[in-house]
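*Asks:* Here is a sequence with its predicted model. Questions after.
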Amino acid sequence: MTDTAAGEPGADGSGDSRSVVYDLDPACTRTDVEVGTRYRAVVNGVVDYGVFVDVSDHVSGLLHESNLDGETFDVGAELVVLLEELKENGDVSFDLADVDLAEADLLAVEHDPEITAVSAATVGDDVTVEGEIVQIKQTGGPTIFHVADESGVIAAAAFEEAGVRAYPEVEIGDVVRVAGTVESHEGATQLEVNDVSVLEGETAAAAAERLDEAMRERAEPEGVEPLVEWAAFEKLRPELEDLARRLRRMVLEGRPIRIRHHADGDGMCAAIPVQLALENFIESVHEGDDAARHSLKRLPSKAPYYEMEDVTRDLNFALGGRARHGQKLPFLLMLDNGSTEEDVPAYKNLAHYDIPIAVVDHHHPDPEAVEDLLDAHVNPYLHDEDYRITTGMMCVELARLIDPDVTDELRHVPAVAGLSDRSKAEVMEEFLALAEAAGYDRGDIEDIGEALDYAAHWLRYSEGETLVGDVLDVGCDDHERHRELVEFLATSAQQDVNEQLDAVEPHVEHERLDSEAHLYRIDLENYAKRFTYPAPGKTTGELHDRKVRETGEPVITIGYGPDFAVLRSDGVRLDIPQMVTELNEEVVGGGVSGGGHLVVGSIKFVEGRREDVIDALVGKMADAELDEELSTTIELDD
Ligand code: MN
């Protein structure tokens, strides 16, 4: 009820002030009254068996002659009645109250409308919903308010004048009551607004608390059993659950979500499942509102970190969305990217605005650099684990926590992620068995990974939503097309790799270091085909893998261009981030930057100092110790 005095009429009626009488607002209905309570009434009709009285425009009933004690009333007379019974059939009966209206302590009662849950709004009904304003969009016609309650989000159209903001006092974050008629608009349920009122004071606080409680409950992730038993992974589960809770909450609060992911196989295996799960959840919250799925956007990042160019684009998009569509600023989810110091400038740029950031990544993190800028950071290195727990593996579980119904679509995805990133996870065989049971043998999984990588290369900065889903076979409705597409892309990728390697091979320089390790150098600027697949990073990686296979001994490979070098090593104990620091001191004016994993990475420098940088680099590699055992290579970011 809106009136605090009306909160406990029954208690008051039987309490100290015996003469309290409630004076109903004309708009009051049966939901505002209570049996056993006294009301001010007006006689509207006199019949043989009693008088009819109104206590509001909507609540009238009979005061039977047996209750009148012989008193008579004329139409229009005012009196105090006691509500005796509210019958199922709509009839209301009153008794005469033993209180003189002139001496009564009158308390006004405002109409407290019956609140309909957003999800229960049925086309054709007149309803009042209560919730939080999460978006306000001004169209060329009406103003569209998006109202979120504990059951969902509904669009409410209010018309003042074409293109003129209706209810200018209403702002995002306000708790409101919206009365209107439920209509169907372009397939979605929409409220045609009769009235919007902003709740205030205790009423608003109580409603906000109720909404918060309900949303907290609904944001709770679903309970799911892990796809495979894996003790190391379970250390990450509480954080993944927490992130699932946050993401679900963002959807319930109508906050857009932006996913940025590394543009490679593992990055796609991370982003596509989370996207699918979130889309499903968004659909369940915004019933039938197709436009709602646009509140989720996924984009690849070409660099292995969050570039200033990408963040500027994201920020422009977010601010544009707020200006044009009245949206909240987004929640940023970084996948297979985002854990390192190189991400800091971009994060600092976002920190000027209310844009929370969460990261799921398995690259070697710089926690002290990013910690203060992130709202959530899931990374196996923070739990004494390593890159073998790939981002795709983590995000399949994250997606299942958001929407368990996606499970059947994702059984093969951890295997694709693992092979793409050459994970040495102890459960790789189990992931491959899961994939096998779902109809994909090891060759299929390798091909999917290769095809994803190939597609990512040509997509460049595009999302490629359907294409990527079809390649990964997630959310793909045509299995045959998936197979043909993967076969075509994987074959093309392999052909391109072979052509590139055949072109560079005759120009590879080989030397044996004092440590007995093989060092291979390739000038990619002059001997590799440019602007094609594979790019310098992958070209170096493929060449390196070939040399490791050929020699079976420790190998270091450097592929370099005018102002960059890509490094890969096997069986040699390198610390690339440390080497970068040293190079910067030794080659003055070399402008050396970069890093990556300990034994795999890429560095940049200024073109004029290339020779000095490479010479110094080779010197450091020659000094590096050998590992006792040969480990196979890990993911390369290019
Ligand atoms: Mn990865």
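*Replies:* Arrived safely.
*Asks:* Spit out the contact partners of F233.
*Replies:* Shown in contact with F233 (Cβ atoms under 8 Å, 6 or more residues apart in numbering): P226, I389, M393, M394, E397, V427. Placement of C-beta: from N, CA and C, glycine included.
*Asks:* Not counting its neighbours along the chain, what's nearest the fifth one?
*Replies:* In space, E397 comes closest to L240 once its chain neighbours are excluded; the distance is 5.6 Å by Cβ to Cβ, 6 or more residues apart in numbering.
*Asks:* hang on, the earlier thing: can you pick the most crowded of the contacts of F233?
*Replies:* Neighbour tally across these (other Cβ atoms under 10 Å): the maximum, 31 neighbours, falls on M393.
*Asks:* And the nearest residue to it once chain neighbours are set aside, its phi and psi?
*Replies:* In this structure, M393 finds its nearest non-sequential neighbour in P414, 4.6 Å apart by Cβ to Cβ, 6+ apart. Here is the backbone geometry of P414 (degrees, to the nearest 10): phi -60, psi -30.
*Asks:* State the distance from P414 to A244.
*Replies:* 17 Å (Cβ to Cβ, to the nearest Å).
*Asks:* Looking at the two, which is more packed in?
*Replies:* Using other Cβ under 10 Å as the criterion, P414 and A244 rank with P414 on top: 32 against 26.
*Asks:* residues from this protein in reach of the ion?
*Replies:* Proximity of the chain to the ion is confined to D266, D336, T391, D421 under the rule Cβ under 5 Å from the ion.
*Asks:* Among those, which one sits closest to R258?
*Replies:* Of all those, R258 sits closest to D336, with 15.1 Å by Cβ to Cβ.
*Asks:* Need the pLDDT of E287.
*Replies:* E287 carries a pLDDT value of 65.
*Asks:* An error on my part: the question was meant for G594.
*Replies:* 78.
*Asks:* repeat for A376
*Replies:* We have a pLDDT of 97 for A376.
*Asks:* do G449 as well
*Replies:* The per-residue pLDDT of G449 was computed as 94.
*Asks:* go on, A291?
*Replies:* Note on A291: pLDDT of 69.
*Asks:* Now S569, what are its backbone angles?
*Replies:* Main-chain torsions, S569, degrees, to the nearest 10: phi -150, psi 150.
*Asks:* rewinding a little: pretty sure the residue nearest to M393 contacts E430?
*Replies:* No - look at P414 against E430 with Cβ atoms under 8 Å: they stay out of range, at 9.1 Å.
*Asks:* what sits in contact with each of those two?
*Replies:* Shared contacts of P414 and E430, defined by Cβ under 8 Å, 6+ apart, comprise V228.
*Asks:* just to revisit the earlier point, inside helices: which ones of the contacts of F233?
*Replies:* M393, M394, E397 (DSSP state H).
*Asks:* Looking at the residues of the chain next to the ion, which are in helices?
*Replies:* Judged by DSSP H, these include D266, T391 as members of helices.
*Asks:* Drop anything exposed from the residues of the chain next to the ion.
*Replies:* D266, D336, T391, D421 (16 or more other Cβ atoms under 10 Å).
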